[in-house]
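*Asks:* next one to model:
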Amino acid sequence: QVRLVESGGGLVQAGGSLRLSCTAFGFTGRINTMGWFRLAPGKEREFVGAFTWTKTMTYYADSVKGRFTISRDGTKKTIDLQMNSLNPEDTAVYYCAGKYLGETAYRSPNEYDYWGQGTQVTVSS
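*Replies:* As a prediction, this is how the structure comes out:
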């Protein structure tokens, strides 16, 4: 079994920064793709970005490109999401997701097998 544990999040003013972290525990050897999604009130779950160990590549949604950066820990299945230049539209619950035997950065939440509990990010104007 795999468990994803998120940390970080909180309240920040517009223009500020936050950092989220997600670590996979358990049988993580074949979790090859990990990603971040967010869910805002009244909206569908939105792809933010993902990293795949299969291709050692990172992908971002256009809405966060240039502001958000995904980094990984080289020794374990951990990905961080550094969020800069935050604006109120970034307010959402952010979820970490893991894909078993992932080969690319899947943008659909339906592709992922494991999910974290979610962490709230609130950006005040």
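*Asks:* apart from its chain neighbours, what residue comes closest to the residue most central in space within the chain?
*Replies:* In the chain, the residue lying closest to the centroid (Cα atoms, centre = their mean) is Trp36, at 2.0 Å. Spatial nearest neighbour of Trp36, excluding adjacent residues (Cβ to Cβ, 6 or more residues apart in numbering): Val48 at 4.1 Å. C-beta here means a position set from N, CA and C on the backbone, and glycine is covered the same way.
*Asks:* got the contact list for that neighbour?
*Replies:* Counting by Cβ atoms under 8 Å, 6 or more residues apart in numbering, Val48 makes contact with 35-38, 60-61, 64, 68, 81, 94.
*Asks:* tell me the SS of it?
*Replies:* Assigned with DSSP: H, G, I helix; E, B strand; the rest coil, Val48 falls in the strand class.
*Asks:* Gln120 against Pro41, yeah?
*Replies:* No. Gln120 lies out of contact with Pro41 (Cβ atoms under 8 Å); the separation is 11.3 Å.
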